[in-house]
Structure formats: structure tokens, C-alpha cells
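Undergrad: Provide a 3D model corresponding to the input given below.
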Amino acid sequence: MRKFLWMGILAIFLQACAPSTVIMKMTHQQAIDAMTQDASIVLVDVRTPQEYASGYVEGAINIPLDTIEDNFENIIASKDTRLFIICRSGNRSAEAAQILKKLGYTNITDIGGVINWPQPLVQP
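TA: Sure, this is the predicted structure:
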């Protein structure tokens, strides 16, 4: 009985010490500075393809919110990839960040929406 008690305590301790994913928030200028310094950052635009086609942040890849759960792991397999998530206003980027956290991604930053992006958007 004592053995099971100690095993239970150990399991609780290990769970408490396990790393947890914290979704970071960042201003647009902080994101620009970070992307300038770290070329490995993947900028993911979760807007619809039509919204993306109307103008996007340079370097962004379009993975629409409604496809993230089914497709993201096929596109970006490494769970520790540094991800910056953007949408139109910030609502979908927050939702996408939560989905990515649930999928096991560990380096997620929500940078809000493109509506106030301080640089010109790329026009296709």
C-alpha cells in the first residue's frame, strides 16, 4: 500500500514539473524585430484564402483557421518550431494558438491582427 502511495505522489510531482506551453503575446513592432533577428520564425496567417489574397504580411504562410486541426502537423511537423500567429483582428489568432497548444506545439506567439500592421502588406 505504501508503495502505491509513493508512486501516486511521484506521479503528481512529475506532472506538476512537466513543461507547459504558455502562449506569448507580442506587439507588432516586437514581432517585426524578432522576425528580423530570427529567420527560423514561421509566421502563420490563419485568415481565409480570400482575406490572405487581399494583402498579407511579408513571409507569412496561409493556413486557414478551419484547417489547422487537420493539416498543421503535415505542414509544420516540429512541435518546437517558433510560431507567430496572425489573423485580421486578433480573435482567430488567439483561437488558433489554443488549437496549436492542444496539438502539442510549444513555442507559440499570438501577434494579433493585420488591420494595424505598421508596414505595407504584400499585394499579390
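Undergrad: mind showing which ranges of this structure have poor pLDDT?
TA: Within the chain, the segments meeting pLDDT under 70 span 1-20.
Undergrad: Would you map the strands across it?
TA: With DSSP state E as the criterion, the chain has strands at 24-25, 42-45, 61-62, 83-87, 108-113.
Undergrad: which one of those is the most hemmed in?
TA: Using mean count of other C-beta atoms under 10 Å, the stretch among those with the largest mean neighbour count is strand 83-87, at a mean of 26. Backbone N, C-alpha and C define where each C-beta goes, glycine included.
Undergrad: can you give me how far that strand is from the chain middle?
TA: Here strand 83-87 is found 5 Å from its chain centre; the criterion is C-alpha atoms, centre = their mean, to the nearest Å.
Undergrad: Name the surrounding residues that touch it.
TA: 26, 31, 34-35, 41-47, 57, 60, 65, 76, 93, 96-97, 100, 105, 107-114 (C-beta atoms under 8 Å, 6 or more residues apart in numbering).
Undergrad: Kindly report the same for stretch 38-50.
TA: Contacts for stretch 38-50 (C-beta under 8 Å, 6+ apart): 34-35, 52, 56-57, 59-65, 68, 76, 81-88, 92-93, 96, 114.
Undergrad: if you set the cut-off to 7 Å instead, what comes out?
TA: 34-35, 52, 56-57, 59-65, 68, 76, 81-88, 92-93, 96 (C-beta atoms under 7 Å, 6 or more residues apart in numbering).
Undergrad: which of those residues are buried?
TA: 35, 52, 56-57, 60, 63-65, 68, 76, 81-88, 92-93, 96 (16 or more other C-beta atoms under 10 Å).
Undergrad: quick one: which of the residues you listed sit in helices?
TA: 35, 52, 68, 92-93, 96 (DSSP state H).
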